[in-house]
Every structure is written in C-alpha cells, then in structure tokens.
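In: Curious how this folds, go ahead:
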Amino acid sequence: MTSLNQRAQHLLQTVFGYPAFRGRQGEIVAHVAGGGDALVLMPTGGGKSLCYQIPAMLRDGVGVVVSPLIALMQDQVDALEQAGVRAAFLNSSQSWEEANAVERALRRGELDLVYIAPERLATPRCLELLQASKIALFAIDEAHCVSQWGHDFRPEYIRLSVLHERFPEVPRIALTATADPQTRAEIVHQLQLDEAQHFVDSFDRPNIGYRIVEKNNARQQLLDFIHIEHRGDAGIVYCLSRKRVEETAEFLNAHGVAALPYHAGMAHEQRAAHQARFLREDGLVMVATVAFGMGIDKPDVRFVAHLDLPRSIEAYYQETGRAGRDGEPADAWMTYGLQDVVQQRRMIDESEADEAFKRVQRDKLNAMLALCETVGCRRVQLLDYFGQPSAPCGNCDTCREAPRSFDGTVAVQKLLSAIYRTGQHFGAAHVIDVLRGLENDKVRQWQHDLLSTFGIGADRSAAEWRAILRQTLALGLAEVDYDAFQALKLTENARAVLRGEQTVQLREFRKPFKQKSASKSAFTENALDRTEQALFERLRWWRLETARARNLPAYVILQDATLRDIARAKPASIEQLGAIAGIGSKRLESWGEEIVALLAAEADA
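Out: From the prediction side, this is the model:
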C-alpha cells in the first residue's frame, strides 16, 4: 500500500500540482485504488473529483464517471487535458463520428477517464461498450440525485444499480456534497453500496460568510449588495420563478451589473450559450432558477444570492456552496420574508405527492426556517443539520452582530387573537392593519374597528408584525388557508399559547442596514499588497487572453488562487514556478515560459 500511496502522491504533485492531499482525500484514493467501494460526502470545493480521478489513473483501465449534466462535460474534459490527463466524454452533443472515435479509444484502452450521462450509460449499446472495455472504476457524481427524499431527484439515477449487477468486481465510488442521513441511506440502497466504506468529511466552508436579511424591496437590496461589496465579481442569483429570473436580470443590467438569465423555459441553445459565457468570462452574474448550477466548477464565484427561500437546507447548502470553490472569501446572501414562508408551504401542500413525502418536505422546510430565524451562529445551525458539531464562526451576520431574542408570548397572543376575532377569513395585511388600529375602508367595511383586538398592537410597526407573524407561522401556531385566498387561521398548537400554558421566544426585529461584509477581513492572509494586486490583475489579463485564444474557460488555464500565489512569490525561474500549488508538469510545460517572461517584464517596468 505504501507504493500505491507514493504513486498517488506523485500524480497529485506532477499532474495536478498540489503538494499534499486535503482532509480525507488520501484515505479515499487509497481505498478506491485498492478496489474498495466508497460513499463520499465532501463539501463543494473540497476536492471530490481527485478522489476518483487519481484512482482511475492508478488502476488498470478507464475510469467511468457518471455525470448528470452534459453541458459541463466539455469543460471538465478540457481541464483534465490541460493537466495532461487522457479524458473524453460521450453524450448527445457529439456527432456520430466524434462519439465513434471516443468509443474506439475506450476499447483500445487509450483513455484514463470518460464522462457519461446516466441516461446514456443505462442503454444496451453503452453497457455492451463498457463490457468490451477494461474498466478501472465507476464514479457516480452528484449521487444525491438517486434519492426521492433529496432535493434534486432524477429517476435515471435509480437505473445505475445495473453497474453492480453487470460489473460486480469493479469498484464504485458515489460522491455528493449534500445528503442528510435519510438521503445517505437511500443512496446506499438504490446503488447497492452495502459494502461501501463511508467517508464523511467536514461540511464546513469557513471562507463563506452567511447572511440573511429582512426582505424589503429585494431587487434593490440585491443591487446595493452587489454594488457595495461585489462590483465586478462573478456571482449567482437564485430566484423561484422564471418570470422573476427574467425581471431580475433585466433590472441588474439596467443598473450597470452585467447579468444573464437562465431557466428551463429558455431554448436549450440559449441556456448553453449563457452558461458558456458565465464559465468563460470574468465578472458576470447568472440569474437563475435551481435549473442552473449542478456540477458548475467555476472556482471564482464570489457570491451566491437568494431572492427567494430555498426549499431545504440541502438545497441551500449546495447552492451556496458554488461560491468560493477556490477557498478565497465569498458570500452567501439571502433576502427572506413572510411571503417566502407562505409560498413554500403552499407549494408543498398543493403538490401531487403523497402525504408521507409532503411530511418530509415540511420537516425540511421547517429546518430551513429555523436557520433563517436563529439567534445563534448560522454556521453552527447549518452544520448541526448534517450532524456535525461546531463552534460559533465569527463570519456570519449573527456572529458579527448578534440578534436579540425576547419573550414574545404576549405579542403572539395578540396576533392569534386578531386572527381569531376577524373570523380566520383574512390575510396577513388585513390582520396587521387591525392590530395596528388602521381605519381604512376594508377595516370599516367589516366593522373590525369595533373588535377588542383593534389597535392592541399599535406600538409596533407593520414590519415588526410581519416578522412576528413569520415566526408564528414557522412555529406552527398559525397557518395559511390557500383555498380561502391565503386567509390566516389558527392551528391546534395555538390553544396552549392563548391559554398562557406555553411561552414563546422570538427573534427581535431589526431594521435593515447596510454593512460592508466582514467575510473578506476574516481571511486577511489572502490579501495582496498594492504591487502584488497589480501583478495579479496583469496575470488575470494574460490568462483571459490565453483562454480566449483556445476557446477555454479562464479557470481551466490557472485558478485565481494560483495566480495570487504567483503574484506573491514572483518566481524568477521555471523551477520556482513549478513549486507553486496548482501548477502541474503539463501546465508548467504549456505556460511556464510565458508566465516567467511576463513576471520578468513587469519587474523591469
């Protein structure tokens, strides 16, 4: 095994340019290269791909990677080829001649890795091709797609059990960044990985600063956030609906932020073109539904923003995890309001799923609401959901300015009473008007100005009452009747609160404020001085021009983190440049002389 470890370390250094494995990468590589099955849970940006790429190169034969999105396979293969790895893909975007050439190379053993979509892999033609080839391993990426309880179920993944049946001696590695215990159990069951060793790495992404703000003109809040903290940065903005995606992208472009829309209602060609631009150009913002993002390897996404509440912590974690894959500081920012709670609950209740599935989805939504409403560290709450204990991070909004909680029993009693006294037939806006004692036409029409609850909440603003109502809904003390024009009504749980038998702790309302994110200052070791920053920008320009000339994404040439290290070290020779992390032998051969010459020219300028 020592010899195997030495060979793995040699590949890591010479091909991929990294001095040492991170976390449990080394263990996983040794286990799979030795022929063992594995289930790997590792955060986005944690280096999952190396866990199957290196074993595929160590073992005899080709590593077959099951990848869910054909639009990204070309970029994945480009990146491997730049590192000197023999890689290819098979998908519907290829001509017959192109696919046939890959199949011939596969049979002849001329590939280290081949990427195949799950739909194609399960076809008789593809299975026959694989049985006629020497297979080193099967890697099932985004394995949470197999789970019907997960956030991105794809029925074609269930058919992947055929790999164990047809190729019982070939090791399989299933990888995902997001899976609660229930989803893990289903991955094991559906893929027949009963003998697999489980490798669960830390879910923590310390470079990401989490922030959730009260929703108040969400698009303007987003624009302020980008202008103040991320002007010129690449980012992703998630919206719940296609219409909201289009409107938000148009709004950002009209206010000087280069943005592209992406949703399932667009033509395939347009989606592919927008995705390609996002991957290849610097500083673009992608505004998208959840149809966008899986498998996105762009390392320099500096922020992920949500204008609508995600449906689960798994979805939130995976989507925010697309920021800061390079380990540099990044932000996860979200606006959240009462309508988010109402909308997500309605989507669950009105779905055609059975009651058991709806119950699971409600539990997942409640966990997401708890993350939004917590008065403690958001990272602690997030990691606790995945079963990982942690300490306050100092890099989320609740750590930087701790919210206060208060005994909200009386306030909730007033709210519940107002809902009851108005007959449980009215929505949030009307109930809050009654509480605050506003004598408008609707209040007078229904004579609600004569109720005992009229004006008993005049000491609080409408925004404060919306925050209290949002938490009341999250606690399950009231609910929305979607069959009665979103009327509020009490639940059975409200009885104990109204009788004074149960107290309620609430998060204190705080007015929205603008604050420069502290996430960047939490990673001051990454900062460059003025001279280094200028050199870094010059290197980025060289990288962009080099990538454009070869029609490649810029990060495939070299990642930002590597360019920063070059700007700091200012290597004066090929040997010195080769010692920098992220530059393997193939990249050194391809770009080394250009980079050293550029550095020398800048030093003489």
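In: Please count neighbours and contacts with C-alpha atoms only from this point.
Out: Fine.
In: which residues does the closest residue to F536 other than its chain neighbours contact?
Out: With sequence-adjacent residues excluded and distances taken as CA to CA, 6 or more residues apart in numbering, F536 is closest to A567, at 5.4 Å. If a contact means CA atoms under 8 Å, 6 or more residues apart in numbering, then A567 has E532, Q533, L535, F536 as its contacts.
In: same check, this time on L12
Out: Y18, P19, A20, F21, I54.
In: Quick one: name whatever helix or strand follows whichever helix or strand V237 is part of.
Out: With the criterion set as DSSP states H and E, the secondary-structure element containing V237 is strand 234-238. The element immediately downstream of strand 234-238 (helix or strand, assigned by DSSP H and E) is helix 242-254.
In: For that next one, name the packing helices and strands.
Out: Here helix 242-254 is seen to pack against helix 218-229, strand 259-262, strand 285-288 when contacts are counted using 3 or more CA pairs under 8 Å, 6 or more residues apart in numbering; DSSP states H and E.
In: sorry, back to before: so which of the contacts of A567 are in helices?
Out: Judged by DSSP state H, helices contain the following of those: E532, Q533, L535, F536.
In: What sits closest to the second one if chain neighbours are left out?
Out: Counting by CA to CA, 6+ apart, the nearest residue to Q533 once its immediate chain neighbours are dropped is A567, at 7.4 Å.
In: Shouldn't that neighbour be within a helix?
Out: Yes - if the criterion is DSSP: H, G, I helix; E, B strand; the rest coil, then A567 is within a helix.
In: got any ranges where the stretch 201-350 of the chain has weak pLDDT?
Out: Segments of the stretch 201-350 of the chain classed as low confidence (criterion: pLDDT under 70) are 294-295.
In: And the strands in the stretch 1-150 of the chain?
Out: Counting by DSSP state E, counting those that start in this stretch, the stretch 1-150 of the chain has these strands, from start to end: 38-41, 62-66, 87-90, 113-116, 135-140.
In: Provide the strand pairings for the third one, with the direction of each partner.
Out: Strand 87-90 has the following sheet partners, assigned by DSSP bridges: strand 113-116 (parallel).
In: Adding distance to S95 and mean neighbour count, write the helices and strands packed on helix 242-254 out as JSON lines.
Out: Conversion of the helices and strands packed on helix 242-254 to JSON lines gives the following (distance: least, CA to CA, whole Å; neighbours: other CA atoms under 10 Å):
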{"stretch": "helix 218-229", "distance to S95": "42", "mean neighbour count": "17"}
{"stretch": "strand 259-262", "distance to S95": "26", "mean neighbour count": "24"}
{"stretch": "strand 285-288", "distance to S95": "29", "mean neighbour count": "26"}
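In: out of the ones you listed, which comes closest to A105?
Out: Across these, A105 has its closest neighbour in strand 259-262 (35.1 Å, CA to CA).
In: how close does R242 sit to C145?
Out: Using CA to CA, to the nearest Å, one obtains 23 Å as the distance from R242 to C145.
In: The two: which has the busier surroundings?
Out: Remark: of R242 and C145, C145 carries more neighbours, 23 against 18, as counted by other CA atoms under 10 Å.
In: separation between that one and E156?
Out: Relative to E156, C145 is positioned 9 Å away (criterion: CA to CA).
In: can you check E247 too?
Out: Summarising the geometry, the distance separating E247 from E156, computed by CA to CA, is 33 Å.
In: The two: which is more packed in?
Out: In terms of neighbours (other CA under 10 Å), E156 is the more surrounded of E247 and E156; the figures are 16 against 13.
In: Just the helices from the stretch 351-500 of the chain, written as ranges.
Out: 355-373, 378-385, 397-400, 409-421, 428-436, 441-445, 462-474, 494-498 (DSSP state H, counting those that start in this stretch).
In: The first one - what's its average pLDDT?
Out: Looking at helix 355-373 alone, the average pLDDT works out to 87.
In: And that helix, how far out from the chain middle?
Out: Going by CA atoms, centre = their mean, to the nearest Å, the spacing between the C-alpha centre of helix 355-373 and its chain's C-alpha centre is 18 Å.
In: so where's the chain shaky on pLDDT?
Out: 1-2, 71, 148-152, 294-295, 483-484, 511-526, 605.
In: middle-most residue in it, spatially?
Out: Relative to the mean C-alpha position of the chain, the nearest C-alpha, by CA atoms, centre = their mean, is the one of E319, at 2.0 Å.
In: check contacts around it.
Out: The neighbours of E319, taking CA under 8 Å, 6+ apart as the test, are G293, V304.
In: does it sit in a helix or strand, and which one?
Out: Secondary structure assignment for E319, by DSSP H and E: helix 313-320.
In: And the next helix or strand past that helix?
Out: Moving toward the C-terminus from helix 313-320, the next helix or strand (DSSP H and E) is strand 330-336.
In: Against which helices or strands is that following strand packed?
Out: Taking 3+ CA pairs under 8 Å, 6+ apart as contact, the helices and strands that strand 330-336 lies on are strand 208-214, strand 301-306.
In: contacting residues for H306?
Out: Each residue near H306 by CA under 8 Å, 6+ apart is listed here: V237, Y238, C239, W333, M334, T335.
In: R24: what's it in contact with?
Out: R24 makes contacts with F199, D201, as judged by CA under 8 Å, 6+ apart.
In: Hmm, N207 is touching R325, no?
Out: No - with the criterion set as CA atoms under 8 Å, N207 and R325 do not qualify as a contacting pair; they are 9.2 Å apart.
In: Mind checking which of those two has more residues around it?
Out: A direct count of neighbours by other CA under 10 Å for N207 and R325 places R325 higher, at 24 against 20.
In: what separates the more buried one from Y555, distance-wise?
Out: In this structure, R325 lies at 11 Å from Y555, with CA to CA as the measure.
In: Same check on D60?
Out: For D60, the distance to Y555 under the criterion CA to CA works out to 30 Å.
In: okay, these two: which has more neighbours?
Out: Just comparing D60 and Y555: by other CA under 10 Å the higher neighbour count belongs to Y555, 24 against 15.
In: Spatially, what comes nearest to V443 if we skip its sequence neighbours?
Out: Taking CA to CA, 6+ apart as the measure, V443 lies nearest to D449, with 6.1 Å between them; neighbours along the chain are not counted.
In: who touches the one you found in this structure?
Out: By CA under 8 Å, 6+ apart, the residues touching D449 are V434, G437, E439, V443.
In: Now the two most distant members of those residues.
Out: Farthest pair in the contacts of D449 (CA to CA) is G437 and V443. Separation: 9.0 Å.
In: buried ones in stretch 274-283?
Out: H274, Q275, A276, F278, L279, R280, E281, D282, G283 (16 or more other CA atoms under 10 Å).
In: surely the last one meets I236?
Out: No - G283 lies out of contact with I236 (CA under 8 Å); the separation is 10.7 Å.
In: so how far is Q192 from Y157?
Out: Counting by CA to CA, the gap from Y157 to Q192 is 12 Å.
In: what's the answer for H430, then?
Out: H430 is 54 Å from Q192, where distance means CA to CA.
In: repeat for L490
Out: 45 Å.
In: just V360 next, same as before
Out: 23 Å.
In: out of these two, which sits in the busier spot?
Out: For V360 against Q192, the residue with the higher neighbour count under other CA under 10 Å is Q192, and the figures read 17 against 14.
In: residues contacting that one?
Out: By CA under 8 Å, 6+ apart, the residues touching Q192 are S161, H164.
In: Helix, strand or coil: sort out it for me.
Out: When the structure is reduced to helix, strand and coil (three-state DSSP), Q192 reads as coil.
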